[in-house]
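Peer 1: Need the 3D shape of this:
(chains A and B)
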Amino acid sequence: MSAASATVEHATCLGCGCTCDDIAVVVRDDRIAEARNACPLGAAWFGDGTVPGEVRARGASVSLDAALDAAAALLAGARRPLVQLAPDISCETQRAALAIADRLHALADGVTSSTAAGGVLAAQRRGRAGATLGEIRNRADLVLFWGVDPARRYPRFTTRYAPDPPGLFVPEGRAGRTVAGVDVGEAAAPPEAEPRVRLEDGEELDALTALRTLLAERTPSSSADALAKRVAPLAERLRGARYAVVVYDGESSVPGDTRRAEGVIALVQQLNARTRAALCTLRAGGNRSGAEAVMTWQTGFPMCVDFSRGTPRYRPDDGAAAWLRSGEVDALLVVGDARAAPVLPADDVPRVIIGPRASTATPAPAVAIDTGVAGIHDGGTAYRMDDVPLPLRPSVPGPRSALDVVGALAERVRRARGERGA
Amino acid sequence: MSRLRITGGEVYDPANGVDGEVRDICIEDGRVVASIPDDAPRLDARGLVVMPGGIDIHAHVAASSVNGARRMLPEERVRDLAAAPELEDGPGRSGSGGTVPSTFTTGYRYAGLGYTTVFDAAVAPVSARDTHAQFDDTPIIDAGCFILMGNDEYLLRQIAAGERERARDYAAWLLGAAGGYAIKIVNPGGVELWKRNVREIRSIDDEVGHAGVTPRAVLETLADAADALRLPHPVHIHCNNLGVPGNVATTLDSMRAVEGRRAHFTHLQFHSYAGERGKAWSSAARQVIEVVNENRNLTADVGQVMFGPATTLTADGAVEYLLHASTGRKWLNVDVELETGCGVVPYEYRERAAVSALQWVIGLELFLLSADPWRVVLSTDHPNGGSFASYPELIRLLMDRAYRDERLKRVNQTMLAGSALADGIAREYTLGEIAIITRAGPARQLGLAHKGHLGPGADADVTIYTPNADRAVMFSTPRYVLKGGVVVVEEGQLRRAPATRRLHVRPAFDDAVTRDLRRWFDRYGTVSFDNYPVAPLRDPPVAEGA
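Peer 2: Below is the predicted model:
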């Protein structure tokens, strides 16, 4: 290719769940020279667009055919395979990978169960009152950051969604909004937040209860009285808001603990009795929201699915990490960037990795097939943290596409199992 | 060339004036044709009832709201898991059911009932990509979607500025960008008001956020747009004040407001209540259906309530808040991107509950007092009034007066005073009329020339039933279902899952609107204008602008 530079406009970044789709990717000599508009996290995610393009079996280079045959034999012969949807693949690839899990009667999971299950499970108990990010940008007059400053993990959240940009109903932008904050232990709200409440870690759930009590205009119990006094100014501001948004970090959940997420959900739902309010759950990148959406429409459940009896059983108390720990898994197929998959157990579980940088996994997987990264080399669709779907605009040529490889694997698995073709 | 002759069946093809005559249906390459050679393969339908494949004009099966409902309600699906069917043309897929099944299970179960075409009635344009992906994973049935516009802030602003042509151009652009089939209005202006914490609309002349913009203006503008764009389906209207006692006034006003235009009023049952909030409710079915009967510009679907579990799921966010507040059940709300809203609450219609019983009665009254089955067709607003799985039971209620009267005795009578049904309605739908309200009528309302009938040129979507005096049994287990000439179901067993088709339109518009939209997106959008339209759909549009 020539040395001329080209720019891919409106590229979508999967560096975090903000999924900004206004990136101008400048390409020179098939390398990304610049990702304009991207934050540092996004720029790092794009990098220069180079990824390995290896195909390996037990560490040795092999042909793609040989790798696919080995992968199919391994998976078709397994008693308890696990298929994991890891980050940086498109929804199209996720759909194809889940089809393999269904055929194999495998266990299937994304990464949500390891990092953000609390919010998902809490929403299954209570629902949630939310909004898409555009609604928040255009309408929110109060933004309450609950134990999170988006600056580090979601760098453009504040400038792209809220509180900074002008919105249709908040033409003054930042000046037209109150930014409130709750610090929970070390998890601090943005420095500018005012009013602000500082909580010890152990006080969080009680503070949520106290807020709800105040908003319901009930009298707090005397033991909660002191805490109620501290959160009272915040309750007052929430009550007075036209459209309040509570932002919290969905990736910070403690496995098995839904109380915090439930408390925040209940608070926002209750606010809607008087005014309008929305919960904004920050989610990490790599199209993990897409994996939840795809699992939900294909199986009915967003994570932790066990196909072993031929139907998609929902096992929300387990999930990939627990299944790997338990020793029941005898073959693992990771589709996506395995670096973000849960910590792997004993090395004796044979692994097939299909995804970006698969060949760099250590110890060497049974089969590793490097693919492009969704949004850099591969096209397709990815979901923003608010489930808004966005197209991906690949900017540089990469190794084989993940979708093609997964499709080819599906065919081999069928053959290995002696089934009819599609 | 693939051919099949369906021989000797009792054919109900109302669009072609065929009402139970014994005749052959000839199929060649997926279409019905006038004749095929005598030596073509045959399917013996002697003693069986032959109809076109069913068409669901209004259901919620593949929107973001539907996936939100699935996600929130695992408990109703863990009890209804479905194994992958053994298919002859490729691997089947497992799934889960309940009132909001997974996509594969949705396709299989619709086909299992003899339905071959389904429309998702409420898609937020920003999420249309999600709907098309879900459709891609919904086997067997052809599908399309209606695009939510009645609370779209850009549209409301065009109306406020008196720019009705611009509004029409926008509607046309939006349909193409979203790969949609029809314009959908939900609670015109009321969803935008809900976002502004205004929870009540008294009349269709209330202002909704902008000077001069009223539900009436929204109805007029979009009904005009659908007519001017010659869309195959008219504007599809969910009125203000759904589920509110006394809403009959709004409903009738809305029908008058679209006088002289085509319009489809959806799930009429939820909009046919007399009475007052906090006081007694009663049926206003007769008033509403009389207006529909008299005005040939109007079509409707009923939105029957069926006893049992349901999932209420709508762009009408305010309604769902009220349901959550009154039932205490879990609640999903999503305010969507200056476009629309979304709410979900699980619900159960109970025979012994006064309001459920009234709703059940009103739906049946609408069916039984309808003068024209072509214009008033079957729906449960799946999954709002009940699952599509309850259609066979609903057909039995319409066809079997003795059964209906027996059921009526068991329901709560508190609110039934003065109800036409309680006073006794003798009407029983005939098989021909059932074929109209489940096939030929929806096809005509949707402007689908190739569906809902069995004349030459029609898609060979055919359902063949074994006659049974128990109509619920008859309609729940077709003997055969053919999709595009391929046998997909045989005696309740799924056999094949052939490729599906997406039904969409691509009306023409003045490109000036896109220049203005670019500015709007730059200022207020969080998705780039260039990233907003869905990827071009594989199937050609059903209707295209010049």
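
Peer 1: Quick check: residues of the stretch 1-150 of chain B near chain A?
Peer 2: Within the stretch 1-150 of chain B, the residues that sit near chain A (C-beta under 8 Å from any C-beta of the partner chain) are B:62, B:64, B:67-68, B:70-75, B:77-78, B:81-84, B:88-91, B:93-96, B:98, B:101-105, B:126-127, B:129-130, B:133-134, B:136-137. Where C-beta positions appear, they are placed from N, C-alpha and C, glycine not excepted.

Peer 1: Among these, name the buried ones.
Peer 2: Neighbour-count burial (16 or more other C-beta atoms under 10 Å in any protein chain shown) applied to those gives B:62, B:64, B:67-68, B:70-74, B:77-78, B:81-82, B:84, B:91, B:93-96, B:98, B:101-105, B:126-127, B:129-130, B:133-134, B:136-137.

Peer 1: wait, what's in contact with the closest residue to chain A within the stretch 151-300 of chain B?
Peer 2: Taking C-beta to the nearest C-beta as the measure, the point where the stretch 151-300 of chain B comes nearest chain A is B:Asn197, at 4.7 Å. By C-beta atoms under 8 Å, 6 or more residues apart in numbering or on different chains, the residues touching B:Asn197 are A:242-243, A:275-276.

Peer 1: Quick one: mark the members of these that sit in helices.
Peer 2: Using DSSP state H, the subset of the contacts of B:Asn197 located in helices is empty.

Peer 1: Where does the prediction get shaky in chain A?
Peer 2: Scanning chain A with the threshold set as pLDDT under 70 gives A:1-3, A:220-223, A:253, A:342-347, A:420-422.

Peer 1: same thing but 90
Peer 2: Screening chain A residue by residue with the criterion pLDDT under 90, one finds the ranges A:1-5, A:114-115, A:217-226, A:252-257, A:325, A:327, A:338-349, A:362-363, A:416-422.

Peer 1: Find the centremost residue of it, please.
Peer 2: When C-alpha atoms, centre = their mean is applied to chain A, the residue found nearest the centroid is A:Arg288 (3.4 Å).

Peer 1: so it makes contact with A:Ser114?
Peer 2: No. Between A:Arg288 and A:Ser114 no contact is recorded; they are 10.3 Å apart, counting by C-beta atoms under 8 Å.

Peer 1: on that earlier part again, give the helix, strand or coil label for the residue of the stretch 151-300 of chain B closest to chain A.
Peer 2: Each residue gets one of three states, and B:Asn197 gets coil by DSSP: H, G, I helix; E, B strand; the rest coil.

Peer 1: Could you check how far it is from B:Thr327?
Peer 2: The spacing between B:Asn197 and B:Thr327, counted by C-beta to C-beta, to the nearest Å, is 21 Å.

Peer 1: in a strand, that's where B:Ile183 is, yeah?
Peer 2: Yes. Counting by three-state DSSP, one finds B:Ile183 located in a strand.

Peer 1: ok, now which ones touch it?
Peer 2: For B:Ile183, the contacting residues are B:146-147, B:149, B:171, B:175, B:222, B:225-226, B:231, B:235-236, taking C-beta under 8 Å, 6+ apart as the criterion.

Peer 1: mind running it again at 10 Å?
Peer 2: Under the criterion of C-beta atoms under 10 Å, 6 or more residues apart in numbering or on different chains, the neighbours of B:Ile183 are B:146-150, B:171-172, B:174-175, B:222-223, B:225-226, B:229, B:231, B:233-237, B:264, B:505.

Peer 1: Mark which of these are part of strands, please.
Peer 2: Taking DSSP state E, the ones among the contacts of B:Ile183 that sit in strands are B:146-148, B:235-237, B:264, B:505.

Peer 1: Can you tell me which of these is closest to B:Glu294?
Peer 2: The nearest member of these to B:Glu294, counting by C-beta to C-beta, is B:His264 at 16.3 Å.

Peer 1: just checking, the closest one touches B:Ser379?
Peer 2: No. Assessed by C-beta atoms under 10 Å, B:His264 is found out of contact with B:Ser379, at 11.0 Å.

Peer 1: shared neighbours of these two, which are they?
Peer 2: Common neighbours of B:His264 and B:Ser379 are listed as B:57-58, B:300-301 (criterion: C-beta under 10 Å, 6+ apart).

Peer 1: who's in contact with the nearest residue in space to B:Asp461 that is not next to it in sequence?
Peer 2: Closest residue to B:Asp461 in three dimensions, ignoring its sequence neighbours and counting by C-beta to C-beta, 6 or more residues apart in numbering or on different chains: B:Gly53, at 3.1 Å. If a contact means C-beta under 10 Å, 6+ apart, then B:Gly53 has B:110-111, B:114-117, B:140-142, B:438-439, B:443, B:451-452, B:454, B:458-463, B:478, B:481-484, B:488 as its contacts.

Peer 1: all helices of the stretch 251-400 of chain A, in order?
Peer 2: According to DSSP state H, counting those that start in this stretch, the stretch 251-400 of chain A carries its helices in the segments A:259-271, A:288-299, A:320-326.

Peer 1: ditto for the stretch 401-546 of chain B
Peer 2: Counting by DSSP H, counting those that start in this stretch, the stretch 401-546 of chain B has helices at residues B:401-410, B:420-423, B:431-435, B:441-446, B:471-476, B:512-524.

Peer 1: In the stretch 351-500 of chain B, which residue sits closest to chain A?
Peer 2: For the stretch 351-500 of chain B, C-beta to the nearest C-beta, closest residue to chain A: B:Ala497, 10.0 Å.

Peer 1: Is that residue in contact with B:Gly107, as I believe?
Peer 2: Yes. The criterion here is C-beta under 10 Å, and B:Ala497 meets it with B:Gly107 at 7.4 Å.

Peer 1: Between these two, tell me which one has more neighbours.
Peer 2: Here B:Ala497 and B:Gly107 are set side by side on neighbour count (other C-beta atoms under 10 Å in any protein chain shown), and the busier one is B:Gly107, at 28 against 24.

Peer 1: didn't that one look like it was pressed against B:Leu87?
Peer 2: No. In this structure, B:Gly107 sits apart from B:Leu87 without contact. The criterion is C-beta under 10 Å, and the distance is 11.8 Å.

Peer 1: quick one: pLDDT of B:Lys184?
Peer 2: In this prediction, B:Lys184 carries a pLDDT score of 98.

Peer 1: who does it bridge with?
Peer 2: Partner residues in beta bridges with B:Lys184, using DSSP bridges, are B:Leu148, B:His236.

Peer 1: Number of residues surrounding it?
Peer 2: Summarising burial for B:Lys184: neighbours were counted as other C-beta under 10 Å, giving 29.

Peer 1: Kindly report the same for B:Asp205.
Peer 2: Counted with other C-beta under 10 Å, residues neighbouring B:Asp205 total 12.

Peer 1: tell me the contacts of A:Leu199?
Peer 2: Going by C-beta under 10 Å, 6+ apart, A:Leu199 touches A:146-147, A:182-185, A:187, A:205-208, A:227, A:230-231.

Peer 1: at 8 Å instead, please
Peer 2: For A:Leu199, the set of contacting residues under the criterion of C-beta under 8 Å, 6+ apart consists of A:182-185, A:207.

Peer 1: Same question for B:Pro533.
Peer 2: When the contact criterion is C-beta under 8 Å, 6+ apart, the partners of B:Pro533 are B:176-178.

Peer 1: Dump those into CSV; add pLDDT, neighbour count and distance to A:Arg28 as well.
Peer 2: As requested, the contacts of B:Pro533 are exported to CSV (pLDDT from 0 to 100; neighbours: other C-beta atoms under 10 Å in any protein chain shown; distance: C-beta to C-beta, whole Å):
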residue, pLDDT, neighbour count, distance to A:Arg28
B:Gly176, 97, 22, 36
B:Ala177, 98, 19, 33
B:Ala178, 98, 26, 36
